[in-house]
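**Q** sequence first, then the predicted structure, then my questions.
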Amino acid sequence: MMNVVSPDTTLAERQRRFAAAIRDPEQATPADVSPRRMAIYRELFFNNILGVLEDAFLAVRARLSKIDWEATARRFFTEHSSTTPYFHRLPGEFAAWLERQPDLAPPYLAELARYEWSQLHLALSPAPALPEALAPNGDLLAGAPVLAPLFRLAPYRYPVHRMCEGESLQDEEPARLLLWRDSNEQVRTLALSPTSARLIELITASPHLSGRRLLLCLAGEMNHPEPERLVEQGWALLEQLREKGVLAGTQPATQGGA
């Protein structure tokens with residue numbers, strides 16, 4: 001016969017104990033819930049979380065044995081206090097949780113998860129509106145280059161983009177990766193040189209400067225002996241970025257930004 005919960009136990013406390021018992025099989029089953037029912041709840045809740053994570057992290061899952069993958073997912077389910085009630089945001093919390101884990105094995109796992117989450121996040125996010133004055137074929141030196149509305153530039157120690165393509169890599173290979181969603185709603189990745197990455201950062205920080213001004217700023221940072229030559233080379237780079245969809249076009253440069 002089941003025990004009766006004390007009338008002094010608040011509903012909130014009962015819910016807390018029930019949730020804790022679902023998340024952690026080591027926790028005692030609440031007195032007013034049968035062990036059989038609790039076992040069903042535990043399996044259903046964990047399998048839901050596991051399914052969401054497996055769909056979001058195909059490359060991470062492929063790099064772990066079934067036992068190690070489920071053990072990692074179980075630790076996350078047991079230890080992590082979620083800040084969102086939405087399942088589609090849970091992969092982001094898992095990626096952030098992995099980055100806080102010391103001595104993670106294999107060591108690239110957290111970066112790989114962050115990369116996969118970045119791809120998913122860009123695919124699912126609503127796109128901000130582009131400038132009304134956008135000129136898709138505008139002059140990239142006279143006008144201010146406009147980046148694709150959804151993008152993310154980040155450093156990685158490992159070649160995670162190649163790992164996701166199935167290459168069996170595990171050594172460090174530092175890269176600056178630009179991820180963006182193109183006009184066909186496809187998330188794409190480009191490994192950038194330090195100069196290209198810095199140019200993207202300058203466009204992000206000063207979105208109303210003309211391409212010419214941005215390239216001259218870059219030349220100044222580099223102490224380039226021939227700034228005009230860098231402008232010429234930079235124009236070719238900007239054109240390549242527009243062809244790939246990284247740049248959506250141009251908008252008028254602000255006064256003093258030309």
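**A** Now that the structure is in, tell me what you want to look at. Numbering: from 1, shown residues only.

**Q** element containing R176?
**A** strand 175-181 (DSSP states H and E).

**Q** neighbouring strands for that strand, and are they parallel or not?
**A** Note on strand 175-181: by DSSP bridges, its sheet partners are strand 151-156 (antiparallel), strand 187-192 (antiparallel).

**Q** now it: average pLDDT?
**A** Mean pLDDT, strand 175-181: 96.

**Q** over to stretch 219-227?
**A** So the average pLDDT for stretch 219-227 ends up being 94.

**Q** mind listing residues that contact that stretch?
**A** Applying Cβ atoms under 8 Å, 6 or more residues apart in numbering, the contact partners of stretch 219-227 are T195, R198, L215, L216, L218, L230, V231. (Each C-beta comes from the backbone N, C-alpha and C, glycine too.)

**Q** what's the answer for stretch 98-106, then?
**A** R63, T72, F76, L109, A110, A113, R114, Q170.

**Q** out of those residues, who's the most crowded?
**A** Among the contacts of stretch 98-106, the one with the most neighbours (other Cβ atoms under 10 Å) is A113, at 26 neighbours.

**Q** so it, which state does it fall into?
**A** helix (DSSP: H, G, I helix; E, B strand; the rest coil).

**Q** farthest-apart pair in the contacts of stretch 219-227, please.
**A** R198 and V231 (14.8 Å; Cβ to Cβ).

**Q** any idea which of the contacts of stretch 98-106 the model trusts least?
**A** Lowest pLDDT among the contacts of stretch 98-106: Q170, with 84.

**Q** could you list every residue that touches it?
**A** By Cβ under 8 Å, 6+ apart, the neighbours of Q170 are P106, Y108, Y158.

**Q** confidence score at the second one?
**A** So the one you mean is Y108. pLDDT, Y108: 95.

**Q** roughly how far apart are the nearest residue to it once chain neighbours are set aside and F87?
**A** Leaving aside its sequence neighbours, Y108 sits nearest to Y158 (Cβ to Cβ, 6 or more residues apart in numbering; 4.1 Å). Noted for Y158: a distance of 28 Å to F87, by Cβ to Cβ, to the nearest Å.

**Q** of these two, who's got more company?
**A** Neighbours of Y158 and F87, each counted by other Cβ under 10 Å, are more numerous for Y158; the result is 22 against 12.

**Q** show me what R188 is bridged to.
**A** Counting by DSSP bridges, the residues bridging with R188 are W180.

**Q** run the chain-centre distance for the helix or strand encompassing V60.
**A** Assigned by DSSP H and E, V60 falls within helix 58-62. Remark: helix 58-62 is offset 15 Å from the chain centroid, using Cα atoms, centre = their mean, to the nearest Å.

**Q** by contact count, what packs against the following helix or strand past it?
**A** Next helix or strand after helix 58-62 toward the C-terminus (DSSP H and E): helix 66-79. Helix 66-79 sits against helix 35-56, helix 90-99, with contacts defined as 3 or more Cβ pairs under 8 Å, 6 or more residues apart in numbering; DSSP states H and E.

**Q** which of the ones you listed is buried the deepest?
**A** Comparing these by mean neighbour count (mean count of other Cβ atoms under 10 Å), helix 90-99 ranks first with a mean of 18.

**Q** could I get the CA-only coordinates of the host helix or strand of L237 as CSV?
**A** Element membership of L237, judged by DSSP H and E, is helix 227-244. The C-alpha trace of helix 227-244 is given here as CSV (Å, rounded to 0.1, in the frame of the first residue of the first chain):
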residue,chain,number,x,y,z
PRO,A,227,47.2,50.6,-49.0
GLU,A,228,45.8,51.1,-52.5
ARG,A,229,47.0,47.7,-53.5
LEU,A,230,45.2,46.2,-50.5
VAL,A,231,42.0,48.0,-51.5
GLU,A,232,42.3,46.4,-55.0
GLN,A,233,42.8,43.0,-53.6
GLY,A,234,40.1,43.6,-51.0
TRP,A,235,37.6,44.5,-53.7
ALA,A,236,38.1,41.1,-55.3
LEU,A,237,37.6,39.5,-51.9
LEU,A,238,34.3,41.4,-51.3
GLU,A,239,33.1,40.3,-54.8
GLN,A,240,33.8,36.7,-53.9
LEU,A,241,31.9,37.1,-50.6
ARG,A,242,28.9,38.5,-52.5
GLU,A,243,29.0,35.7,-55.0
LYS,A,244,28.9,33.2,-52.1
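
**Q** no further queries at this time; thank you.
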